[in-house]
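Participant: Sequence unavailable; structure follows:
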């Protein structure tokens, strides 16, 4: 198995002053091209620590991508550390110095003396071009491990990886097939509950399951060999059959799936919110397909009774759902009612009738988590309706206090 590592450098990354988006992007990009990362690490701007990490990685990896530390300032130490680890002198690369001089000349600026440092590289390095910045990357071997040193600026880094590093890796390791990942997104169950259902499955050689939990979803990931679509589809169907009541989408997030269903049905949607305070509208309308089919969105104070004088929260949310659909002249309306004593209501109004639920949280959640859970329950009612599934469902994070379906003939009668 090819061992690939990424080393991020810089005190600002190490101490959390900036988020290391380059590392997350590289992990995804490499995985999609068959080069899965086996290790990620971070080191600050201290040459001895950098050299130590480079040496350790060189003995335990086949490929390492080093990000950052190629600038002109004194705290940019990647080239010097690489030279020390490889026991090579730092030398001036005249070809990159010419590029630097042209870069500043085109902008009618005098090149600062400090930029010459960016043309000083380990003697046996090979330059990686950077057409949009002053920091060239470089490739070299340390203890038979291939190292790619890259600039920290995201647009420079991504272009270098896409245009130079990945093609070079494909040339160096032409037989590296990698793994394919299929994803099943679930809502309303627990990671342990999923594990209890799937752990007994006997997967074929080369296939493995992984889990990613992030409120309010749990993502089940099936890793397997590339170009084995038939086996992967059969396994996905098997996993789906065990989790069906909680599956909200396959190989695309729930929001994207709802967008596709909305576009397929061509039904217009309006939204009214109390407990979710605009979170639901913001989330749903961030999808272009949903936004295109949406009418008005109303955000009501938790003190508002929707002007309907209803005392029963479920009756109130039914009334608000119907009024929202009628006033906005849309085919559908979804509504989140008021939140009181950990209890909330949600409703969906459609041409066939109205569905409503009064639910109670099973444990304590933060205010933001409550909005996300309530909004996702409402969105799941919409998804279920669009997919032709039972609109009302059970969720592990909440308990059903009361639920009701009112057919159109009852409402109109």
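Facilitator: On my side now, so go ahead. These figures come from a predicted structure and were not determined experimentally.
Participant: Which stretches in the stretch 101-250 of the chain count as helices?
Facilitator: Per DSSP state H, counting those that start in this stretch, the stretch 101-250 of the chain carries helices over the ranges 154-160, 166-172, 191-198, 229-243.
Participant: Let me have the ones you listed in a markdown table, extended by distance to residue 411, mean neighbour count and mean pLDDT.
Facilitator: Every residue, glycine included, has its C-beta placed from N, CA and C. What follows is the helices of the stretch 101-250 of the chain, written out as a markdown table (distance: least, Cβ to Cβ, whole Å; neighbours: other Cβ atoms under 10 Å; pLDDT from 0 to 100):
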| stretch | distance to residue 411 | mean neighbour count | mean pLDDT |
| --- | --- | --- | --- |
| helix 154-160 | 53 | 18 | 97 |
| helix 166-172 | 58 | 14 | 96 |
| helix 191-198 | 36 | 14 | 92 |
| helix 229-243 | 34 | 14 | 94 |
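Participant: Residue 325: which of the ones you listed is closest?
Facilitator: In this view, those are compared for proximity to residue 325 by Cβ to Cβ, and helix 229-243 is the closest at 32.2 Å.
Participant: Name the spans of this protein whose pLDDT lies under the cut-off.
Facilitator: Across the chain, the ranges flagged by pLDDT under 70 are 302-310, 413.
Participant: Tell me how it divides into domains.
Facilitator: By the record's domain assignment, the chain is partitioned as 4-172, 179-251, 265-412 (the TED database).
Participant: I'd like those laid out as TSV, including distance to residue 257.
Facilitator: Below are the domains of the chain laid out as TSV (distance: least, Cβ to Cβ, whole Å):
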stretch	distance to residue 257
domain 4-172	20
domain 179-251	4
domain 265-412	7
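Participant: Could you identify the longest helix within the protein?
Facilitator: Under DSSP state H, the helix in the chain containing the largest number of residues is helix 367-386.
Participant: Enumerate every residue touching residue 158.
Facilitator: Neighbouring residues of residue 158 by Cβ atoms under 8 Å, 6 or more residues apart in numbering: 22, 25, 29.
Participant: List the contacts of the last one.
Facilitator: Contacts were defined as Cβ under 8 Å, 6+ apart; by that measure residue 29 touches 158, 161, 162, 166.
Participant: how far away is the first one from residue 27?
Facilitator: Using Cβ to Cβ, to the nearest Å, one gets 13 Å for the distance from residue 158 to residue 27.
Participant: what's the answer for the last one, then?
Facilitator: As defined by Cβ to Cβ, residue 166 lies at a distance of 13 Å from residue 27.
Participant: Just name whatever secondary elements the longest helix of the chain is in contact with.
Facilitator: The elements that helix 367-386 packs onto, with contact taken as 3 or more Cβ pairs under 8 Å, 6 or more residues apart in numbering; DSSP states H and E, are helix 254-265, helix 279-284, strand 332-340, strand 343-350, strand 353-361.
Participant: Quick check, residue 314 in contact with residue 402.
Facilitator: Yes: shown here, residue 314 and residue 402 form a contact pair, counting by Cβ atoms under 8 Å, at 5.6 Å.
Participant: okay, the two: which has more neighbours?
Facilitator: residue 314 (19 against 13; other Cβ atoms under 10 Å).
Participant: Not counting its neighbours along the chain, what's nearest that one?
Facilitator: Closest residue to residue 314 apart from its sequence neighbours, by Cβ to Cβ, 6 or more residues apart in numbering: residue 358 at 4.7 Å.
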